[in-house]
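Undergrad: kindly generate the corresponding structure for this input.
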Amino acid sequence: MVCDGNTPLETPVLTTRNAKIVTMTGVINAVSTLRCPGCHMIYRYKEWHDGLHNFNDYILLSLELCLHLRHSLQSHVSVSRVIDTLESLQVVKYPNRDTVLHAYCHFEALADLDYTYSCVNCGYHPPVVIMDLHKKGVFRMAVSDLKEPPSEFKGEVNIEEFWQSVDLEMVARGFVSSK
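TA: Purely as a prediction, here's the structure:
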């Protein structure tokens with residue numbers, strides 16, 4: 001359903017009253033998120049000039065926290081350690097580390113970055129998710145669960161296509177549940 005343009009936006013439909021805004025200085029609880037009353041379209045509020053990144057209407061990250069996480073990962077500090085540090089510093093309980101990681105990956109997947117990082121062993125990689133630790137955090141799959149490649153597979157992979165599919169998976173996690 002598409003709104004006809006005559007929908008009164010002053011009566012939006014409540015998504016939740018229990019959203020959280022996660023920032024460098026703590027967590028703001030009991031935030032309401034809304035959707036269009038006409039079409040009920042899923043629309044993630046992303047007013048970057050307000051400094052917010054909406055992951056799933058229940059968890060919103062401040063852009064300052066997103067950028068801090070980016071620089072932390074580039075300095076080999078995991079998301080969970082950053083959250084541990086912030087909890088200790090602010091004496092506030094932050095959301096689940098995996099949720100924050102997925103929200104941050106969602107932010108990065110939507111960011112327009114030039115991927116200039118390249119490793120002589122690994123090849124083309126995004127500039128942020130480069131450590132084995134972070135790959136384990138994003139790709140939770142046991143080696144025993146991997147299927148054998150088809151017999152015609154020659155070991156060549158289009159790495160740009162692979163990272164684009166990872167980006168799409170991260171974006172999708174903000175809209176649908178994912179395993």
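
Undergrad: for residue 79, which residues are in contact?
TA: 69, 72-73, 97, 100-101, 104, 137 (C-beta atoms under 8 Å, 6 or more residues apart in numbering). In this view, the C-beta of every residue, glycine as well, is placed from N, C-alpha and C.

Undergrad: for residue 34, same thing?
TA: Contacts of residue 34 (C-beta under 8 Å, 6+ apart): 12-15.

Undergrad: now a PyMOL select for only the buried ones of those residues.
TA: To isolate the buried members of the contacts of residue 34 in PyMOL, using 16 or more other C-beta atoms under 10 Å:
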select buried, resi 15
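
Undergrad: ok, the contacts of residue 34 vs residue 88, which is closest?
TA: Ranking the contacts of residue 34 by separation from residue 88, with C-beta to C-beta as the measure, puts residue 15 on top at 31.7 Å.

Undergrad: run a quick neighbour tally on the residue lying closest to residue 21 once chain neighbours are set aside.
TA: Nearest residue to residue 21, sequence neighbours excluded (C-beta to C-beta, 6 or more residues apart in numbering): residue 28, at 4.1 Å. Look at residue 28: counted by other C-beta atoms under 10 Å, it has 13 neighbours.

Undergrad: just the strands in the chain please.
TA: 13-23, 26-35, 52-54, 59-62, 118-119, 123-124 (DSSP state E).

Undergrad: I'd like those strands as a markdown table, with distance to residue 167 and mean pLDDT appended.
TA: What follows is the strands of the chain, written out as a markdown table (distance: least, C-beta to C-beta, whole Å; pLDDT from 0 to 100):
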| stretch | distance to residue 167 | mean pLDDT |
| --- | --- | --- |
| strand 13-23 | 22 | 86 |
| strand 26-35 | 24 | 86 |
| strand 52-54 | 15 | 88 |
| strand 59-62 | 17 | 91 |
| strand 118-119 | 17 | 58 |
| strand 123-124 | 13 | 58 |
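
Undergrad: how about CSV for the ones you listed, with distance to residue 109 added?
TA: Below are those laid out as CSV (distance: least, C-beta to C-beta, whole Å):
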stretch, distance to residue 109
strand 13-23, 18
strand 26-35, 20
strand 52-54, 11
strand 59-62, 13
strand 118-119, 20
strand 123-124, 16
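
Undergrad: any stretches of this protein with poor pLDDT?
TA: Counting by pLDDT under 70, the low-confidence segments of the chain come to 1-11, 37-47, 114-143, 174-179.

Undergrad: quick one: the helices in it?
TA: If DSSP state H is used as the criterion, the helices of the chain fall at 63-74, 79-90, 97-110, 132-138, 159-172.

Undergrad: and among the ones you listed, the most buried is which?
TA: With neighbours defined as mean count of other C-beta atoms under 10 Å, these peak in mean count at helix 97-110, which reaches a mean of 20.

Undergrad: alpha carbons only: can I get it in PDB?
TA: The C-alpha coordinates for helix 97-110 follow below in PDB (Å, rounded to 0.1, in the frame of the first residue of the first chain):
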ATOM      1  CA  ARG A  97      27.000  -6.800  22.800                       C
ATOM      2  CA  ASP A  98      25.800  -8.800  19.800                       C
ATOM      3  CA  THR A  99      22.900  -6.400  19.200                       C
ATOM      4  CA  VAL A 100      25.300  -3.500  19.400                       C
ATOM      5  CA  LEU A 101      27.700  -5.300  17.000                       C
ATOM      6  CA  HIS A 102      24.800  -6.000  14.500                       C
ATOM      7  CA  ALA A 103      23.600  -2.400  14.800                       C
ATOM      8  CA  TYR A 104      27.100  -1.100  14.100                       C
ATOM      9  CA  CYS A 105      27.600  -3.500  11.100                       C
ATOM     10  CA  HIS A 106      24.300  -2.200   9.800                       C
ATOM     11  CA  PHE A 107      25.600   1.400  10.100                       C
ATOM     12  CA  GLU A 108      28.800   0.400   8.200                       C
ATOM     13  CA  ALA A 109      26.900  -1.500   5.500                       C
ATOM     14  CA  LEU A 110      24.900   1.700   4.800                       C
END
